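1. Here is my input, please return the structure:
(chains A and B)
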Number of protein chains: 2
Amino acid sequence: MSLLVTGSIGIDNVRTPFGEVKDVYGGSAVYFSFAARLFTPVRFVGVVGEDFPADFRAFLERADIDLSGMEVRKGSKTFRWSGQYATPTADAETTEVELNVLAEAGPKIPPQFRDSKYVFLAATHPELQQDLVRQLTDPCLVVADTRDLWIKTQHEGLLKTLGMVTGAILNDAEAKLLAEESNLALAGRKILEYGPRFVVIKKGEHGVMLVTREGLAVLPAYPTTEVKDPTGAGDSFAGGLMGYLATQDDCGLAALKKALAYGTICASFTIEDFSLRKLEKITPADVAGRLKEYTEMLSL
Amino acid sequence: MSLLVTGSIGIDNVRTPFGEVKDVYGGSAVYFSFAARLFTPVRFVGVVGEDFPADFRAFLERADIDLSGMEVRKGSKTFRWSGQYATPTADAETTEVELNVLAEAGPKIPPQFRDSKYVFLAATHPELQQDLVRQLTDPCLVVADTRDLWIKTQHEGLLKTLGMVTGAILNDAEAKLLAEESNLALAGRKILEYGPRFVVIKKGEHGVMLVTREGLAVLPAYPTTEVKDPTGAGDSFAGGLMGYLATQDDCGLAALKKALAYGTICASFTIEDFSLRKLEKITPADVAGRLKEYTEMLSL
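-> Alright, predicted model coming up:
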């Protein structure tokens, strides 16, 4: 069924212990889309400035991402982010950020996308997330990401967003912060009380925890030895997860676990090269091959 | 087949965010034994002082642990350790330690134990570990634990120990330190070059990684919400692992993975109460029940 993503699209500078890249393609919605498109067509909603490079647009179009929801705003500039990682598994340290168009009004979902059934709201201001949910006519599954900034500064607003979505995705530090609880499983259960039917807690190199009213599951990360750049791991994880779910008519515990596994596999490809260099080359067969290996690794 | 453990036996004071206990039963070989005995009889080798409490001996005897290898040394005092944990998942901070008998000559393996097939050497001075291996007549599987102290101060000696054993168990920080490599899988592969056929890297609440020449596997920890005291988690993990292996005539990748799972389950019980309070009550049926849950959690 139809899958829509809204989030950032931008140009990154990234430095990791394995190298440095400048002016590369990035943004949460972009990483999401490149993973999700391996499962199902992707409807893209976001805003860029009039400086948005033609080669970036062509890159997205070649990947068959439907850009009808990408607004090119006159007089505005595209989002830019610079970050570095002290180690391949450390959190990103933002060294420079130009919010540009992201500091202005949010995107609108075009009429032809409003019937989308599966929707991913990448991390952004909780009120913008709510505004986007209200533009949907009959969503079946809406999942929101968030980040520490919104937990700290827009706590009430974020709780309202969580009351409007089916699932929440956040990392371990964020889950502990939001729930004020240091045990991750208990933190997940507390977040369920805010409204979502499931909570996905990302633990980076340590895998992922799923908390639903039915139960709890933890899966490890795929153990790759080729980490070059962790940028986009979380968003491509979400892309694999939602991409798979959009092909199923089911979000019970078993389907969600399989979705976590697909997300895990997509993220494992992302981090093996800078920017989208690896992810853009991956095919569904690559995903299936690595999933098979991963499933075998976990079979006892 | 016969399973022997050598390691510490001592009296602990422990403080965690959930409470404090004084003068409780502890020691690496004790935690190991209580997990391993759920699978197979355990031969215990260690040294205590003449102050060793009768109730502690009775506690071990009630658990059917064969104490023929426990030396009660005249004029010596039993090992004592005091530690605290800032959070339930933090590393222990030693607040006081009286090595006592552990600073003296190591234990000897009694003649009737020298034919042991499965042997676990808990963390101790690498030369003592080598001395213990040399006392075995025809071991089938010898696994050694170690710790940062020995990696830093007895590096050459530790490499020699690793050349004499079948398997190594260590935690993630220790593996990185020993291999001088920040990627865990690569660290594990480097440690394989020192001699063992497999390396088990413990990641605490994040599970465990197995590295062998055949391949690599990562399993998550069992997600318990009842953590009270992490003391002994690693040693009871090793106990479950070795206990299971001692019942198999196989240490291929599949058997090792299953052994990791049994270790994981034993550790998950250990941390649910202080000292051995939970682990001493567990039956093989409890282990089987939780293993079933864990296996289902991991089945995709």
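
2. Near the nearest residue to A:Glu93 once chain neighbours are set aside, how many other residues are there?
-> Excluding the flanking residues, the one nearest A:Glu93 by C-beta to C-beta, 6 or more residues apart in numbering or on different chains is A:Gln84, at 5.4 Å. C-beta here means a position set from N, CA and C on the backbone, and glycine is covered the same way. By other C-beta atoms under 10 Å in any protein chain shown, 15 other residues sit near A:Gln84.

3. Phi, psi for A:Gln84 please.
-> phi -140, psi 160 (degrees, to the nearest 10).

4. Would you map the helices across chain A?
-> A:28-36, A:54-62, A:126-134, A:148-153, A:155-162, A:172-179, A:184-192, A:233-246, A:253-270, A:284-298 (DSSP state H).

5. how about the ones you listed in CSV, adding mean pLDDT and mean neighbour count?
-> Formatted as CSV, those follow (pLDDT from 0 to 100; neighbours: other C-beta atoms under 10 Å in any protein chain shown):
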stretch, mean pLDDT, mean neighbour count
helix A:28-36, 98, 31
helix A:54-62, 97, 13
helix A:126-134, 97, 18
helix A:148-153, 95, 15
helix A:155-162, 98, 18
helix A:172-179, 97, 21
helix A:184-192, 96, 20
helix A:233-246, 98, 29
helix A:253-270, 97, 24
helix A:284-298, 97, 16
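
6. could you redo those helices as a markdown table and give each row distance to chain B?
-> Putting these into a markdown table (distance: least, C-beta to the nearest C-beta, whole Å) gives the following:
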| stretch | distance to chain B |
| --- | --- |
| helix A:28-36 | 18 |
| helix A:54-62 | 30 |
| helix A:126-134 | 28 |
| helix A:148-153 | 19 |
| helix A:155-162 | 21 |
| helix A:172-179 | 10 |
| helix A:184-192 | 5 |
| helix A:233-246 | 11 |
| helix A:253-270 | 5 |
| helix A:284-298 | 4 |
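
7. circling back: the residue nearest to A:Glu93 against A:Ala92, yeah?
-> Yes. Between A:Gln84 and A:Ala92 there is a contact at 7.2 Å, judged by C-beta atoms under 8 Å.

8. Need phi/psi at A:Asp249.
-> Taking degrees, to the nearest 10 as the convention, A:Asp249 sits at phi -110, psi 60.

9. For it, grab the count of nearby residues.
-> As a measure of burial, A:Asp249 has 10 neighbours, counting by other C-beta under 10 Å.

10. Next up, the contacts around the residue nearest to A:Glu93.
-> A:14-16, A:92-93, A:95 (C-beta atoms under 8 Å, 6 or more residues apart in numbering or on different chains).

11. What distance do you get for A:Thr225 to chain B?
-> According to C-beta to the nearest C-beta, to the nearest Å, A:Thr225 stands 5 Å off from chain B.

12. wait, what's in contact with the closest residue in space to that residue that isn't next to it in sequence?
-> In this structure, A:Thr225 finds its nearest non-sequential neighbour in B:Ala185, 4.8 Å apart by C-beta to C-beta, 6+ apart. By C-beta under 8 Å, 6+ apart, B:Ala185 lies in contact with A:223-225, B:209, B:211, B:216.

13. what does A:Thr166 give?
-> With C-beta under 8 Å, 6+ apart, A:Thr166 has these contacts: A:141-143, A:196-198, A:251.

14. out of these, which are buried?
-> A:141-143, A:196, A:198, A:251 (16 or more other C-beta atoms under 10 Å in any protein chain shown).

15. Name the residues of the stretch 1-150 of chain A found near chain B, please.
-> By C-beta under 8 Å from any C-beta of the partner chain, the residues of the stretch 1-150 of chain A that approach chain B are A:87-89.

16. so who does A:Ala63 touch?
-> A:Ala63 touches A:33-34, A:37, A:280, counting by C-beta under 8 Å, 6+ apart.

17. would you list these in TSV and tack on distance to B:Arg80?
-> Formatted as TSV, the contacts of A:Ala63 follow (distance: C-beta to C-beta, whole Å):
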residue	distance to B:Arg80
A:Ser33	59
A:Phe34	57
A:Arg37	61
A:Glu280	60
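
18. neighbours around the nearest residue to A:Leu210 once chain neighbours are set aside, how many?
-> Nearest non-adjacent residue to A:Leu210, counting by C-beta to C-beta, 6+ apart: A:Ala217, 4.6 Å away. A count of nearby residues for A:Ala217, using other C-beta under 10 Å, gives 21.

19. Among the contacts of A:Ala63, which one lies nearest to A:Ala255?
-> A:Arg37 (19.9 Å; C-beta to C-beta).

20. Leaving out chain neighbours, which residue sits closest to that closest one?
-> That would be A:Ala63: by C-beta to C-beta, 6+ apart, it lies 5.7 Å from A:Arg37.

21. and if you look at A:Gly163?
-> Here the residue nearest A:Gly163, using C-beta to C-beta, 6+ apart, is A:Gly195, at 3.8 Å.

22. Same question for A:Arg15.
-> Closest residue in space to A:Arg15, ignoring its immediate chain neighbours: A:Gln84 at 4.1 Å, by C-beta to C-beta, 6+ apart.

23. Over to A:Phe56?
-> Closest to A:Phe56 by C-beta to C-beta, 6+ apart is A:Tyr25, at 5.6 Å.

24. Identify the bridge partners of A:Thr94.
-> A:Gly83 (DSSP bridges).

25. Distance of it relative to A:Tyr85?
-> Applying C-beta to C-beta, to the nearest Å, the value for A:Thr94 to A:Tyr85 is 11 Å.

26. Then A:Ser182?
-> A:Ser182 is 25 Å from A:Tyr85, by C-beta to C-beta.

27. Ok, A:Phe269 next?
-> 18 Å.

28. Next, the closest residue to A:Asp64 other than its chain neighbours: phi, psi?
-> Excluding the flanking residues, the one nearest A:Asp64 by C-beta to C-beta, 6+ apart is A:Arg37, at 6.2 Å. A:Arg37 adopts backbone torsions of phi -60, psi -20, taken as degrees, to the nearest 10.

29. my read: A:Arg37 touches A:Asp66, true?
-> No. Counting by C-beta under 8 Å, A:Arg37 does not reach A:Asp66; the two are 9.8 Å apart.

30. Residues that sit against both of those two, list them.
-> Common contacts of A:Arg37 and A:Asp66 (C-beta under 8 Å, 6+ apart): none found.

31. gap between the residue nearest to A:Arg15 and A:Ile151?
-> A:Gln84 sits 23 Å away from A:Ile151, going by C-beta to C-beta.

32. Could you do A:Ile109 as well?
-> 25 Å.
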